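A.B. asks: sequence first, then the predicted structure, then my questions.
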Amino acid sequence: MKKIKAYIESGSLEQHCFDLSNAERAKEVAELSASHPEVRQELNEIEQTIELLAQSYAIEPDDRLRGRLLNVLGFAGDEQLDINNLPTTGKYSDPVSWLNAVEHLLPAEPFEDFFQHILRQDEQIAQMLVITRLNVPPEIHEDVAESFFILKGQCTCTIGDKRVILTPGDHLDIPLHVSHDVKIDSPYVIAILQHQFS
């Protein structure tokens, strides 16, 4: 009994929980846990404590990270977009797939100060491929919901009192009745500008 108490106090169970790759220690813990209820109880308490600790430090990742993580893992750009039947852009849109779809529409570099090509125009949606070096002065939309989906470059959008830096893969919805402007931070920005009509 003293040996089991000493084993529990040795830190071996904690080491096992934090390093599951040690096969010899894992076998030892499994055998002792099966034959000694106090070891099994201590192991359960350690696992619960670790889980509570992980939950207390857990953060909800920003939705914009999804596209970046998929890109790093090699999954981005797999979606084939039909240029004649484009979806609406959103926070989960893939910038690589969009760039692939509009690549043939991009003018040769160096780009002019402003380029625009209408991709889709119907009663609900207007989508434009935009390449710009120009800042957008403050404006307010009263009845058109606007959004930006950045494919290349970086810009800073000020919405009311809030500033948001946008980089490739970022999607931003502009609320109605709020002043906003856009400052181009890179030599140019390639984006999908989307208007949704109410």
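C.D. replies: Yep, that arrived. Numbering: from 1, shown residues only.

A.B. asks: contacts and neighbour counts: CA atoms only from here.
C.D. replies: Fine.

A.B. asks: ok, how many other residues are close to residue 162?
C.D. replies: As a burial measure, residue 162 scores 8 neighbours (other CA atoms under 10 Å).

A.B. asks: quick one: pLDDT of it?
C.D. replies: Predicted confidence (pLDDT) for residue 162: 94.

A.B. asks: go on, residue 69?
C.D. replies: Residue 69 is given a pLDDT of 64.

A.B. asks: next secondary structure element downstream of whichever helix or strand residue 102 is part of?
C.D. replies: If you go by DSSP states H and E, residue 102 is part of helix 95-102. Downstream of helix 95-102, the first helix or strand assigned by DSSP H and E is strand 114-121.

A.B. asks: so what's the gap between the helix or strand following that next one and the chain middle?
C.D. replies: Using DSSP H and E, the next helix or strand after strand 114-121 towards the C-terminus is strand 125-132. Distance of strand 125-132 from its chain centroid, counting by CA atoms, centre = their mean, to the nearest Å, is 22 Å.

A.B. asks: go on, stretch 154-171?
C.D. replies: On the basis of CA atoms, centre = their mean, stretch 154-171 sits 14 Å off its chain's mean C-alpha point.

A.B. asks: contacts for that stretch, please.
C.D. replies: The contact list for stretch 154-171, computed with CA atoms under 8 Å, 6 or more residues apart in numbering, reads 64, 67-68, 89-91, 93-95, 147-153, 174, 178-186, 188-189.

A.B. asks: now the longest helix belonging to the chain: buried residues?
C.D. replies: Criterion DSSP state H: the longest helix present in the chain is helix 37-57. Neighbour-count burial for helix 37-57, counted by 16 or more other CA atoms under 10 Å, picks out 38, 39, 40, 42, 43, 47.

A.B. asks: sounds good, over and out.
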